[in-house]
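give me a model of this one.
(one chain, ligands or ions: 1)
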Amino acid sequence: MYRELLKSFGPQHWWPVSHHARNPSQARLEIAVGAVLTQNTSWKNVERAIAAMFAAGLMDAAKLRAMPEGNLAEVIRPAGTFRVKAKRLKAFMEYLWAHRGGRLDGLGAGELAAVREELLTVHGIGPETADAILLYAVGRPTFVVDAYARRVLRRHGWIPTKATYGEIQRLFHQALPQEPQVYNECHALLVELGKRHCRTRARCAGCPLENLPHDERA
Ligand code: SF4
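Okay, here's the model as predicted:
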């Protein structure tokens, strides 16, 4: 599946960082913030919220931590459910300062499973968000499972309908080389596949996985 997708779509160059980030640490923060903001909204809305954060000088961990939650909510309004997301971003910043010296690259150190568990205790950070931050912001080898991946795997009979996040992730961890670059690319390719072909109503004709056994109604 991975080879076919890569052959058809080519490298996706994820994560889609904006042109606003001026250095690697700002880019890392933008990725982590984007991983929280993207919950239940389109990427277009996330981009607008991120641009507003840059304009307000908020793509900085110390400033983000100092900003009152209500004011932050107003800035990220374009992302939708902005009060909820402001609370989550503030909780993430508190965690970062309490456990990682306010530095995102601190998430790159220590045993991956332990760091991931720690992140999962933060308000509003579930497995998909935690894995997106760990993989895309600090390059740790943990696969990001999203609704697209779940749908593709289900339609091809590779997972049962009720497979858990952990079960699906294990499948990717076992099937692919355990390299961040591969996980990065594979997740991005699945997003592209989900947008182009494996939509709610599947468009199997011309899909790169068309020749693999599948049931588009699954
Ligand atoms: S062949 Fe059909 S079911 Fe399989 S990934 Fe493509 S669109 Fe989805």
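
flag every residue of this structure that's near the ligand.
Along the chain, the residues adjacent to the ligand under the rule Cβ under 6 Å from any ligand atom are 152, 155-156, 193, 197-198, 202-204, 207, 209-210, 214, 216. All C-beta spots, glycine's among them, are computed from the backbone N, C-alpha and C.

which of the residues you listed fall within helices?
Of the positions in the residues of the chain next to the ligand, Val152, Arg155, Leu193 sit in helices, assigned by DSSP state H.

can you pull the contacts of the second one?
The one in question is Arg155. Cys198, Ala202, His214, Asp215, Glu216, Ala218 (Cβ atoms under 8 Å, 6 or more residues apart in numbering).

ok, now how distant is the residue nearest to Gly57 when sequence neighbours are not counted from Gly126?
The shortest distance from Gly57 to any residue other than its chain neighbours is 6.2 Å, reached at Lys63 (Cβ to Cβ, 6 or more residues apart in numbering). In this structure, Lys63 and Gly126 are 26 Å apart, going by Cβ to Cβ, to the nearest Å.

over to Tyr165?
Spatial separation of Tyr165 from Gly126 under the definition Cβ to Cβ is 8 Å.

pLDDT score for Leu107?
In this prediction, Leu107 carries a pLDDT score of 97.

report the mean confidence score over stretch 137-154.
97.

so what's the backbone phi/psi at the residue nearest to Gly57?
Here is the backbone geometry of Lys63 (degrees, to the nearest 10): phi -70, psi -40.

please apply the same query to His123.
Comment: the main-chain dihedrals of His123 come out as phi -50, psi 130, following degrees, to the nearest 10.

can you tell me the closest non-neighbouring residue to it?
The shortest distance from His123 to any non-neighbouring residue, by Cβ to Cβ, 6+ apart, is to Ala91 (3.9 Å).

how about Tyr148?
The shortest distance from Tyr148 to any residue that is not its chain neighbour, by Cβ to Cβ, 6+ apart, is 3.0 Å, and that residue is Gly194.

repeat for Leu72
Leaving out its chain neighbours, the residue that sits closest to Leu72 by Cβ to Cβ, 6+ apart is Ala86, at 4.4 Å.

now do Val138
Closest residue in space to Val138, ignoring its immediate chain neighbours: Gly108 at 4.0 Å, by Cβ to Cβ, 6+ apart.

give the contact list for that neighbour.
Residues near Gly108 by Cβ under 8 Å, 6+ apart: Val138, Gly139, Arg140.

pull out the buried residues from these.
Of all those considered here, the ones buried according to neighbour count by 16 or more other Cβ atoms under 10 Å are Val138, Gly139, Arg140.

just say helix, strand or coil for the residue most central in space within the chain.
What sits nearest the mean C-alpha location of the chain, by Cα atoms, centre = their mean, is Ala132, with 3.4 Å. Using DSSP: H, G, I helix; E, B strand; the rest coil, the three-state assignment for Ala132 comes out as helix.

now the top helix by length along the chain: buried residues?
Once the chain is assigned using DSSP H, the helix that runs over the most residues is helix 82-100. The neighbour-count check on helix 82-100 (16+ other Cβ under 10 Å) flags 82, 84-93, 95-96, 99-100 as buried.

wait, which of those residues is closest to the ligand?
Ranked by distance to the ligand (Cβ to the nearest ligand atom), these are led by Lys85 at 30.5 Å.

quick check: that closest one touching Ile76?
Yes: because the distance of 5.9 Å satisfies Cβ atoms under 8 Å, Lys85 is recorded as touching Ile76.
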